[in-house]
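> Here's my sequence, what's the structure:
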Amino acid sequence: MADSTVHHTWDVIVIGAGPVGENAADRVRKAGLTVAVVEKHLVGGECSFYACSPSKALLRPILATRASERVQGSEGARVDPAGVLARRDAWISGLSDEGAVGWLEHVGIDLLRGTGRLVGERRVEVDGRLFEARHAVIVCTGTSPLVPDLPGLREARPWTNREATTSRRVPDRLAILGGGAVACELAVVYAALGSMVTVIEQEEQLLGRSEAFAAEAVAESLRRQGVDVRLGAEATAVSRLGPTGEVTVELGGGGRISADELLVAVGRVPNTADLGLETVGAKTDDRGYLQVSEQMEVEGATGDRPWLYAVGDVNGIVLLTHMGKYQARACGDLVGARATDRPEDPRSMTPWALDLGAPQVVYTDPEVASAGLTEQQARERGIRVRVVDIPMDKAAGSGLQAEGYQGQARIVVDEDAGTLVGATFVGQDVAELVQPATVAITGRVPLATLWHAVPVFPAMSEIWLRLLEEYGL
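Numbering: from 1, shown residues only. Below you'll find the predicted structure:
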């Protein structure tokens, strides 16, 4: 039986110490509140150790080598698999969170190691010990990889992103179930490291939320890299020979694919099952994501004033680390204001830009950088749009970046408002082009004003001028 004695009280308790939880805790600390974070695994979370950081650390040497091969005078670089893996290990600190824990200690955030569970209003139990928050509990528990109920799949012990981004072994053959960002990025990694890679995607295009032209460019490039891309292919069953033997994926229509390892990258599920949500009346949707208000307050939570908040992937709004951190900053400031009786500022304490579409980069070769809405999404919202497409080599900087530069840029314009609602860039090194699009979309900058934001010559950012000229400015 759990101890009913409250062992300690803080102003705020944050459950989950990934990047989102760290940001939420830091913002309430800066408001002058005491705060503790609860973490059952590694401080720094999924992004730091198993997702964003290791995958990009793996990708960068590969993409840099490819970029070198495309510039006359710098050909001859090669990918060194051992060096790539060593760089990854350095970025994840050998799966040690000592540095992250040190940061918590340095700024004065207390750490509770263990599994956090709600047991009442502003009360959190951590492995049998009871703690209390004076003002708020913020849930930042994120998501875990989805392993679907496919016959034989769980028994085959497949990789998820965790195993794929931390493996010290490069399998001779790797099959990947799924065609989203994780699947495409890790296909680039393992193909470059020497694996024979097969991507199995049941839809008719990769990167299902992206513009079709971007998805087609990535699929064509993967095939040039030696990846077998199977679109419209449905996996029906999986089996493995022995504990570490060959994995076989059965496909609808009678085909099959054999590999040494199978990576499942078909989505995420929220980490809400063991949070004790029922004890406080917290509402979830049919997938288990916490339902929240515009100010990240958990709907249905008992009490005469808001005290339970959920930010980041756990609320299912946008499953991207940077957008979760954005929610955390706004929510942390709101909690700080409410706890200290300072005025609330809806403009800074509500993550209102979530509705405008999130910026995202898929670090494949070519990269896909996007912000805001796709053409289809904009039309579904009833926006009267005009789409402008131009090849990336319209900017002189693209040709300087790589011989025979290949890529495409698109902007989606709200014709009634005269502003951007979406932008997508496909090509080598386009990641940094997305921030101007994010600023323009979030700030609702009129295109007539944007025309006066003169790009540097001969940088790739000159593509913005070419897009506006194509539009007619």
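> what about the residue lying closest to residue 151 once chain neighbours are set aside, which SS state?
Using C-beta to C-beta, 6 or more residues apart in numbering and skipping residues adjacent in sequence, the residue nearest residue 151 is residue 237, 4.3 Å away. (Glycine included, C-beta is placed from N, CA and C.) Applying DSSP: H, G, I helix; E, B strand; the rest coil to residue 237 yields a three-state assignment of strand.
> In the beta-sheet assignment, what are the partners of residue 237?
Going by DSSP bridges, residue 237 is paired in beta bridges with residue 250.
> who touches it in this structure?
Contacts for residue 237 (C-beta atoms under 8 Å, 6 or more residues apart in numbering) come out as 150, 151, 152, 249, 250.
> Please apply the same query to residue 79.
Residue 79 makes contact with 61, 62, 65, 192, 193, according to C-beta under 8 Å, 6+ apart.
> repeat that with 10 Å
By C-beta atoms under 10 Å, 6 or more residues apart in numbering, the contact list for residue 79 reads 61, 62, 64, 65, 66, 189, 192, 193, 194.
> Kindly report the same for residue 28.
Taking C-beta under 10 Å, 6+ apart, one finds 10-12, 14, 34-35, 109, 135-136, 138, 328, 331-336, 339-340 in contact with residue 28.
> which of these count as buried?
A residue is treated as buried here by neighbour count (16 or more other C-beta atoms under 10 Å); on that basis the buried members of the contacts of residue 28 are 10-12, 14, 34-35, 109, 135-136, 138, 328, 331-336, 339.
> Just the ones of those residues in helices?
Within these, membership in helices is found for 328, 331, 332, 333, 334, 335, 336, 339, as judged by DSSP state H.
> which non-adjacent residue is nearest the second one?
Read that as residue 331. Ranked by C-beta to C-beta, 6+ apart and with sequence neighbours excluded, the top spatial neighbour of residue 331 is residue 296, at 4.4 Å.
> who's in contact with that neighbour?
Residues in contact with residue 296, defined by C-beta under 10 Å, 6+ apart, are 24, 138-139, 290, 306, 308-312, 315, 317, 327-328, 330-332, 334-335, 349-351.
> check which helix or strand covers residue 78.
When secondary structure is defined using DSSP states H and E, no element contains residue 78, which sits outside every helix and strand.
> swap in residue 426?
Using DSSP H and E, the element containing residue 426 is strand 419-427.
> starting at the chain centroid, how far to that strand?
In terms of C-alpha atoms, centre = their mean, to the nearest Å, the centre of strand 419-427 is found 19 Å from the chain centre.
> ditto for stretch 125-142
Here stretch 125-142 is found 25 Å from its chain centre; the criterion is C-alpha atoms, centre = their mean.
> Pairing partners for the residue lying closest to residue 298 once chain neighbours are set aside in the sheet, please.
Using C-beta to C-beta, 6+ apart and skipping residues adjacent in sequence, the residue nearest residue 298 is residue 308, 4.3 Å away. In this structure, residue 308 has the following beta-bridge partners (DSSP bridges): residue 137.
> Relative to residue 136, how far out is residue 308?
If you measure residue 308 against residue 136 using C-beta to C-beta, to the nearest Å, the figure is 7 Å.
> And for residue 41?
Using C-beta to C-beta, one obtains 23 Å as the distance from residue 41 to residue 136.
> likewise residue 353?
23 Å.
> Repeat that for residue 188.
From residue 188 across to residue 136, the span is 41 Å (C-beta to C-beta).
> Of the contacts of residue 79, just say which sits nearest to residue 403.
The shortest approach to residue 403 among the contacts of residue 79 belongs to residue 66, at 12.4 Å (C-beta to C-beta).
> Pull out the buried residues from the helix or strand bottoming out on mean pLDDT in the chain.
Least confident helix or strand of the chain, by mean pLDDT, DSSP states H and E, is helix 346-349 with a mean of 91. Neighbour counts over helix 346-349 (16+ other C-beta under 10 Å) mark residue 349 as buried.
> what element comes up after that helix heading to the C-terminus?
Next in sequence after helix 346-349, counting helices and strands by DSSP H and E, comes strand 360-362.
> Tell me the strands beside that next one, with direction?
According to DSSP bridges, the neighbouring strands of strand 360-362, each with its direction, are strand 367-372 (antiparallel).
> Just give the nearest non-adjacent residue to residue 210, would you?
Using C-beta to C-beta, 6+ apart and skipping the chain neighbours, the partner closest in space to residue 210 is residue 368 (6.0 Å).
> That neighbour - how many residues pack around it?
Here the count is done by other C-beta atoms under 10 Å, and residue 368 has 28 residues near it.
> ok, so what distance separates it from residue 215?
Using C-beta to C-beta, one gets 8 Å for the distance from residue 368 to residue 215.
> how about stretch 451-462 as CSV, C-alpha atoms only?
Backbone C-alpha positions of stretch 451-462 (Å, rounded to 0.1, in the frame of the first residue of the first chain) are rendered in CSV as follows:
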residue,chain,number,x,y,z
TRP,A,451,9.0,41.6,-51.4
HIS,A,452,11.0,44.3,-49.5
ALA,A,453,12.8,41.7,-47.4
VAL,A,454,15.7,41.6,-49.8
PRO,A,455,17.6,38.2,-49.9
VAL,A,456,21.4,38.1,-50.0
PHE,A,457,23.1,37.4,-53.3
PRO,A,458,24.2,34.8,-54.1
ALA,A,459,22.7,32.8,-51.3
MET,A,460,20.0,30.1,-51.8
SER,A,461,17.6,32.4,-50.0
GLU,A,462,17.3,34.3,-53.2
